[in-house]
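*Asks:* Here is a sequence with its predicted model. Questions after.
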Amino acid sequence: MRVNHLIFTLFIFCLCTASLAVAKDQPEVKQGILDLRDWEFQNNAPLKLKGEWEFYWNKLIFPSAFDSSQIDPVYRLFPKLWKRDTVAGRIIEPSGFATQRVRVILNSVTPELAISIPHFYSAYILFINGEFIAANGQVGKSETTSNPHWELITRDLKITNDTLDIVLQISNFDHSRGGAFEPIELGEKVIMQTQNRREEANDLIMAASLFFVGLFFMVLFSFGRHEKPIFFYSLFCLFYSYQTIGTGNYTFHSLMPTVPWLVTLKLEYITMFLSAWSFSFYSYHLYQKETSRIFMFFTSVFCGASVLVALFFPVRIFSELATPFFVFVLFCFAYMFGTYVLAVFRQREGAKLSLISSSILFFVIGTRILEYFGYLEMSLMFYFLGFQQFFFIQSIILFYKYNRKIELAKEKAESAAKSQSDFLSMISHEIRTPLNAVIGLTNYLIGDDPKEEHVDDLKTLKFSAEHLHILINDVLDYSKLDAGKIEFEYIDTNIVEVCKNIVKAQEPKAREKNIYLNMIQDDEIPKYILCDGLRMSQILTNLIGNAIKFTNEGGVTLSLTKIMLTKKRVSIKFTVEDSGIGIPKDKQVEIFDSFSQASTSTTRQYGGTGLGLSITKRILDLQNIKINVFSTEGQGSRFYFTQTFQISEIQEKVTEKISEEKNQLKGKKILLVEDNPVNVMVAKKFLSRWDIDVDVAENGRESLEKTATVKYDLILMDLQMPVMDGYTASRELRKGGLETPILALTASVMLDVGDKVYECGMNDFITKPFEPEDLYNKIVGHIERSRVKRL
């Protein structure tokens, strides 16, 4: 909502409440008589019985006494507190008792009437025409015989004649105030009942709204415990919720009549003090730079001391605090209004809305304080609308601030995620580059007919390097999964062939441990399905590798079982079963946690990061697939999951066969664009073995210069280089019309690398460290495709 809309709302609020304060002139009591023979109850608001009532100080006179004896009256304004004033030469003290009387003369056409009696300080009993009508507490002539109670009471009247003789007895020995502060109202029964229900509903709605708003913001604060404005605002709502039903009409007293008056009064004063304290701290934490710490210190001291007085001192003492407290509140409002204006001037976030909503609150509570002192008389609807607007706007402010906090946290998290992504890209490149040299040179030496005594050493070196490669991949894959950046590409896949290749790749590990590795597949499984072969390979490789790692006798079996088959879909159950060490039942959930294994001794004995199963589970979870485990300690484990695939429309896929004869590349000319001398040396060794003529460029700019004068069959392009990187160089080459195949060499494993490679015009990429066969097949494939394309 825009600020100008809220200003308009504030204007409408003031206009409406101003109209609510206007009332038609009503007749008043004169010399103990109220003449209503010309008054029409049907067309007017309830009549306030104000004016000169008969007043009898320190006397409790019952209606029958007025009939049997002649008592000289003294007249005193009603309602009016007992403020140590003088009546007929007698001093009226706040503590004492009195009888007040008025006679109301009705017209001949009077509808059914009802009377509304507010609370008086501090007990009363009311008679009309000699009959008991209502009472609050117990009226007495001493503190021991008097019992205070406050409650708004509305009673229907039975009119039998044209005169109402109203006798009111009041006593007070507890409160610092005595007598009547609010008038008795007389009106048409339907109007009075409606007014009573409306006021009670307003109190309950306001109290419930404040309580649940406070509770909501308290729960919201508990989630983060950082937003102190939310905490103090919730406290203010909770404390003030009692003020709405524990003061005014004292609805709480009507709902809970058995609660002692002393308890309710202590609650009234304590919540009043704490409401001021919590709102002050709310404003302080909202705009700390605009609010003085000295002001907050004195606020805390004053409110804290007031709470202690209300807790440990009698009512007559702590009720005296109301006047100085309200003066203090008016001072606080003036100061806080200045802080909000200053916040607006300094363009603090949400300051304009805060100024508007707080102005409404200051205006409403300020008028309520003035009404307490007897300077104003406002409708209860005025307070209801004012508080509703304040809490509504204030809640919007806090929601905005909380949402803004979340947005900033989100931006910070995204920035951190980008930094992490950049770091992973850099670190993967930096780690894989030397690893590429180690694995590449090891593969080269193994394939270069080494001496027999060196074969085992080279194989050990290769195994260690590849194991390090696997560990690095686990950590990088985990980071990508943790960031939710895994995407699935469902393409035509020969699932049985994929599984056979996985088993074939894992067979050397099984042979080293003298265990078997078998595969069993259901013959009814379609040849081609739509599947992300890369992710499926990762899942099954992790499961089989994990099974081999923890199996010392027997072996491991991968099985594919058809569960459901239709014309378009097939459900396959993948099971990896081993005869290894098994998993204790209490650890079968924990093994899927990151960096977790069944025990630390297992980690020391078998090695690994503990990420394999966690990565497997996360990949399956992202596809809404559940992985299950059944294991008996000492007997083996069985991991299984079921996935449903769409059946490919192509069941006999024609693939281009590439000859593995090395002389197929003999005489081909390739440009190797690489800045790392070690990587250049490793790549040249393999390329030279395949009789390829290799030319080297140290950066992208140099590759542009070389391709301008020399024609190459293929370009091997590193991505991260000084002067000009591989992406930029490829774009420039394509802009110049070069159609030579470009194959990216990258040490990064970030997901967006593939997209960037294709966007800049490259044909394919291979990740370092690479297998010589993979590099060879890709070179042959792209050169052959380029040749066919030119025909």
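*Replies:* On my side now, so go ahead.

*Asks:* Count the residues that sit near the closest residue to I184 other than its chain neighbours.
*Replies:* In space, I184 comes closest to L49 once its chain neighbours are excluded; the distance is 4.6 Å by Cβ to Cβ, 6 or more residues apart in numbering. Just so you know, the C-beta spots here come from the backbone N, C-alpha and C atoms, and that holds for glycine as well. Number of residues near L49 (other Cβ atoms under 10 Å) recorded here: 23.

*Asks:* do the one 10 residues further on as well
*Replies:* With neighbours defined by other Cβ under 10 Å, the count for K59 comes to 13.

*Asks:* need the contact list for the closest residue to it other than its chain neighbours.
*Replies:* Closest residue to K59 apart from its sequence neighbours, by Cβ to Cβ, 6+ apart: T99 at 5.4 Å. For T99, the contacting residues are F55, Y56, K59, L60, I61, V167, L168, Q169, I170, by Cβ atoms under 8 Å, 6 or more residues apart in numbering.

*Asks:* Tell me the spacing between T99 and S688.
*Replies:* Distance, T99 to S688, using Cβ to Cβ, to the nearest Å: 122 Å.

*Asks:* Does the residue nearest to K59 belong to a helix, a strand or coil?
*Replies:* Of the three states, T99 takes strand under DSSP: H, G, I helix; E, B strand; the rest coil.

*Asks:* what pLDDT does it get?
*Replies:* We have a pLDDT of 95 for T99.

*Asks:* Equivalent analysis for S428, please.
*Replies:* 63.

*Asks:* related to what we said a few turns ago, turn the contacts of T99 into a markdown table, including distance to L265 and pLDDT.
*Replies:* Shown next, in a markdown table, are the contacts of T99 (distance: Cβ to Cβ, whole Å; pLDDT from 0 to 100):
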| residue | distance to L265 | pLDDT |
| --- | --- | --- |
| F55 | 26 | 94 |
| Y56 | 28 | 93 |
| K59 | 27 | 91 |
| L60 | 24 | 93 |
| I61 | 29 | 92 |
| V167 | 27 | 96 |
| L168 | 22 | 96 |
| Q169 | 21 | 96 |
| I170 | 17 | 96 |
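
*Asks:* Show me which of those residues are buried.
*Replies:* Neighbour-count burial (16 or more other Cβ atoms under 10 Å) is assigned, among the contacts of T99, to F55, Y56, L60, I61, V167, L168, Q169, I170.

*Asks:* Any regions of the stretch 301-450 of the chain where pLDDT drops low?
*Replies:* Low-confidence segments of the stretch 301-450 of the chain, defined by pLDDT under 70: 377-380, 417, 420-422, 424-430, 432-433, 436.

*Asks:* Helices along that one, start to end?
*Replies:* For the stretch 301-450 of the chain, applying DSSP state H, counting those that start in this stretch gives helices covering 315-318, 322-345, 351-372, 380-446.

*Asks:* Need the winner for burial among these.
*Replies:* Ranked by mean neighbour count, the helices of the stretch 301-450 of the chain are led by helix 351-372 with a mean of 20 (mean count of other Cβ atoms under 10 Å).

*Asks:* coming back round to it: I'd like the distance between the residue nearest to K59 and R293.
*Replies:* 54 Å.

*Asks:* number of nearby residues for L210?
*Replies:* By other Cβ under 10 Å, the residues close to L210 number 23.

*Asks:* Contact partners for it?
*Replies:* Contacts for L210 were tallied using Cβ under 8 Å, 6+ apart; they are C237, L238, Y240, S241, T244, F391.

*Asks:* Same question for E674.
*Replies:* Applying Cβ under 8 Å, 6+ apart to E674 gives the contacts V680, A683, V696, A697, E698, L716, D718, M721, L745.

*Asks:* Sort out which one of these lies nearest G140 for me.
*Replies:* Ranked by distance to G140 (Cβ to Cβ), the contacts of E674 are led by M721 at 99.9 Å.

*Asks:* OK, contacts around that closest one?
*Replies:* Contacts for M721 were tallied using Cβ under 8 Å, 6+ apart; they are V673, E674, D675, E698, N699, G700.

*Asks:* ok, the second one to V329 distance?
*Replies:* Meaning E674. In this view, E674 and V329 are 77 Å apart by Cβ to Cβ.

*Asks:* try the first one
*Replies:* V673 sits 77 Å away from V329, taking Cβ to Cβ as the criterion.

*Asks:* How about the third one?
*Replies:* In this structure, D675 and V329 are separated by 74 Å, where distance is defined by Cβ to Cβ.

*Asks:* swap in the last one?
*Replies:* G700 sits 73 Å away from V329 when distances are taken as Cβ to Cβ.

*Asks:* Help me confirm that V780 is found in a strand?
*Replies:* No - using three-state DSSP, the secondary structure at V780 is helix, not a strand.

*Asks:* do you know how far it is from D67?
*Replies:* For V780 relative to D67 (Cβ to Cβ), the value is 126 Å.

*Asks:* more crowded one of those two?
*Replies:* Remark: of V780 and D67, V780 carries more neighbours, 20 against 9, as counted by other Cβ under 10 Å.

*Asks:* mind giving me the domain ranges of this structure?
*Replies:* The chain is divided into the following domains under automatic domain parsing: 33-195, 199-409, 486-647, 662-790.

*Asks:* can you put these in JSON lines and add distance to G447?
*Replies:* Formatted as JSON lines, those follow (distance: least, Cβ to Cβ, whole Å):
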{"stretch": "domain 33-195", "distance to G447": "99"}
{"stretch": "domain 199-409", "distance to G447": "54"}
{"stretch": "domain 486-647", "distance to G447": "16"}
{"stretch": "domain 662-790", "distance to G447": "7"}
